[in-house]
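Q: model this:
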Amino acid sequence: MSSAPANAFTAPSTERSLLAALTQNPSLYWELGLRDRIFHAHRDRYRALADALDAEEKPPPSPPDWTPTPTPETAAETLRDLSRRRRLARLLDDAATRIQNEEELSAAQLLEDLEARAAAIRGEVETDNAGRLRYADDLVPSVLGKLKQARERYQHTGRGIRGVPSGLDRLDDILGGFQPGLTLLSGGPGVGKTSLAFQIAADAAHAGTPALYVAFENSPEQLTLKGISAEAEINSQTVSRGEQPMDDLRPAAQRWHDKTRRLAFIEGRGDLRIGQIRGKAQRLMNRFEATRCLVVVDYLQLYAKSAEHFQGMTVAARVELMGDQLGNLGKRLRSPVLAISSQTREGYGSGGGATTLDTLKESGDLEYMAEAVAFLTEADDRMAQPPARAVDLTIAKNRHGEVGSINLLFRPDLGTMELHGPRLRMQT
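A: Numbering: from 1, shown residues only. Next up is the predicted model:
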């Protein structure tokens, strides 16, 4: 059964009435934040009108038989919806053609592309708000609704956590949980960045938030092995070498299985695009009927350097653009993105490790794009019994509140992080 043609989803009369209203009242152009893609029959006329208004010139007159709509906001929303329907219809038609003709592509590859393109259409719902003039008094009801939810959550749990919990109470006390947008986790080699990020993803999934782990350094199988070994409190190397009886592992494997029902992986590669990540994240959210998810990228610099679509750019430019795209990914999904970031040799080579934003490797303006930036460093004032290592997690930037540092105990043999000692150092 074929889908309706894209041209079926048009409303020329609505376009005419909205254009007449814009000509009569040019301030609507800035209030509505329109994009030319929502027009179909009269797109050229809209572009001429927009060019004139942007140049602070008088717009061309509308034909005398065009009657201005009395409800321009409703007309604009109608045209936005029709624009999305046209794109969806074209997408379905294209998918049907490709299924018939592109036999060299597997069904999985076709579905992956379809998901990414559908996610881009879904993202228009958020981006269409970007240029619109929104009055403060109109925002009061929605803000009060969110505050009511926050109050109810606090009364129920006794904690003011708004974002996705990390599994580490003291970190959540500083961040309020991971917020929508980009959070960077940086540090030198061997301090446990991947272990911490993977633990956070697993704990978020266990607490009910779907988590998508994009792995460039470890395969999903390796990470699963680490998770099972951590649950069993057994060194993963002895497990992988077959030195551990299976009876010791099966209970831990079952616990890990139950804990990570909402955890999914993408194995990173050079042709992986942000739109594909967005599509898979949305699919994960839909599967568990969730309104947000946690996306973890391990790690940012490797993704940027391997990205085939960034060819011809300097490494610093790749990293900066990748950071910007990951931040936008979080905003479109209304979800946090936690990205592991390398640190300069000078940064991790200074004592236990520096915690200043300028030590982010090949960062450019990366630190300005992030909602929060945290550094893992060797502790210089605490000792731990080997093989455990004392490390500090320092939040050097937090757009939503305080910064500070917490003490952690890293078990590299188990791949786990836990709170160490009573100290929580916070700064406003």
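Q: ok, now how distant is the closest residue to Glu418 other than its chain neighbours from Arg170?
A: Counting by C-beta to C-beta, 6 or more residues apart in numbering, Glu418 lies nearest to Leu409, which is 5.2 Å off, once chain neighbours are set aside. C-betas here are computed from N, CA, C, even on glycine. Using C-beta to C-beta, to the nearest Å, Leu409 is found at 13 Å from Arg170.
Q: joint contacts of the two?
A: Leu419 (C-beta atoms under 8 Å, 6 or more residues apart in numbering).
Q: Now do the phi/psi pair for the residue nearest to Glu418.
A: Main-chain dihedrals, Leu409, degrees, to the nearest 10: phi -120, psi 120.
Q: hang on, it packs against Leu393?
A: No - Leu409 sits out of contact with Leu393 when judged by C-beta atoms under 8 Å, with a separation of 11.1 Å.
Q: more crowded one of the two?
A: Using other C-beta atoms under 10 Å as the criterion, Leu409 and Leu393 rank with Leu393 on top: 27 against 19.
Q: Beta-bridge partners for Arg411, please?
A: Arg411 forms beta bridges with Thr416, as assigned by DSSP bridges.
Q: which ones are touching it?
A: Shown in contact with Arg411 (C-beta under 8 Å, 6+ apart): Pro387, Ala388, Arg389, Met417, Glu418.
Q: Skip the chain neighbours and tell me the closest residue to the third one.
A: Leaving aside its chain neighbours, Arg389 sits nearest to Phe410 (4.7 Å; criterion: C-beta to C-beta, 6+ apart).
Q: how about that neighbour, what does it touch?
A: Contacts of Phe410 (C-beta under 8 Å, 6+ apart): Val191, Gly192, Ser195, Ala388, Arg389, Ala390, Val391, Thr416, Met417.
Q: What subset of those residues is buried?
A: If you count burial by 16 or more other C-beta atoms under 10 Å, the buried members of those come out as Val191, Gly192, Ser195, Ala388, Arg389, Ala390, Val391, Thr416, Met417.
Q: Looking at those residues, spot the one nearest Ile234.
A: Thr416 (11.6 Å; C-beta to C-beta).
Q: doesn't Ser229 make contact with the closest one?
A: No - counting by C-beta under 8 Å, Thr416 does not reach Ser229; the two are 9.6 Å apart.
Q: residues near the spatially closest residue to Arg287 that is not a sequence neighbour, how many?
A: Taking C-beta to C-beta, 6+ apart, and ignoring the residues beside it in sequence, Arg287 has Pro210 as its nearest neighbour in space, at 7.5 Å. The number of residues packed near Pro210 is 26, by other C-beta under 10 Å.
Q: now the one 4 residues further on
A: Other residues within reach of Val214 by the criterion other C-beta under 10 Å amount to 23.
Q: That one should be in a strand, yeah?
A: Yes - Val214: assigned to a strand according to DSSP: H, G, I helix; E, B strand; the rest coil.
Q: Let me see the contact set for it.
A: With C-beta under 8 Å, 6+ apart, Val214 has these contacts: Phe265, Ile266, Gly268, Leu272, Ile277, Val295, Val296, Val297, Asp298, Tyr303.
Q: could I get the residues you listed as TSV with neighbour count?
A: Formatted as TSV, the contacts of Val214 follow (neighbours: other C-beta atoms under 10 Å):
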residue	neighbour count
Phe265	19
Ile266	18
Gly268	21
Leu272	19
Ile277	24
Val295	27
Val296	26
Val297	27
Asp298	23
Tyr303	26
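Q: Which single one of these is nearest to Phe216?
A: Once C-beta to C-beta is applied, the member of these that ends up nearest Phe216 is Gly268, at 3.5 Å.
Q: how far away is that closest one from Tyr213?
A: Relative to Tyr213, and taking C-beta to C-beta, Gly268 is found at 10 Å.
Q: Could I get the buried residue list for stretch 281-298?
A: Buried, per 16+ other C-beta under 10 Å, within stretch 281-298: Ala281, Gln282, Arg283, Leu284, Met285, Arg292, Cys293, Leu294, Val295, Val296, Val297, Asp298.
Q: Looking at the residues you listed, which one is closest to Pro220?
A: Closest approach to Pro220 among these (C-beta to C-beta): Asp298, at 11.4 Å.
Q: Excluding chain neighbours, what is closest to that closest one?
A: Ile340 (4.9 Å).
Q: quick one: that neighbour is in a strand?
A: Yes - the assignment for Ile340 is a strand, going by three-state DSSP.
Q: start at 98 instead
A: Done: numbering now begins at 98, and the last item shifts to Ile437.
Q: That one: how many residues sit nearby?
A: 24.
Q: Distance check, it against Leu457.
A: 11 Å.
Q: Need the residues touching each of those two.
A: Leu281, Ser283.
Q: Which residue lies closest in space to Asp345, excluding its sequence neighbours?
A: Ala329 (6.3 Å).
Q: pLDDT wise, what is the one you found at?
A: Among the per-residue scores, Ala329 shows a pLDDT of 91.
Q: swap in the one 4 residues further on?
A: As summarised for this prediction, Ser333 has a pLDDT of 86.
Q: Any idea how many residues pack against the closest residue to Leu511 other than its chain neighbours?
A: Nearest non-adjacent residue to Leu511, counting by C-beta to C-beta, 6+ apart: Ala327, 5.1 Å away. When neighbours are defined as other C-beta under 10 Å, Ala327 has 22 of them.
Q: now swap in the one 4 residues further on and tell me
A: Burial measure for Ile331: 18 neighbouring residues, criterion other C-beta under 10 Å.
Q: quick one, what contacts it?
A: For Ile331, the contact set (C-beta under 8 Å, 6+ apart) comprises Gln341, Asp345, Leu346, Ala349, Leu511.
Q: The last one contacts Ala329, doesn't it?
A: No - look at Leu511 against Ala329 with C-beta under 8 Å: they stay out of range, at 9.0 Å.
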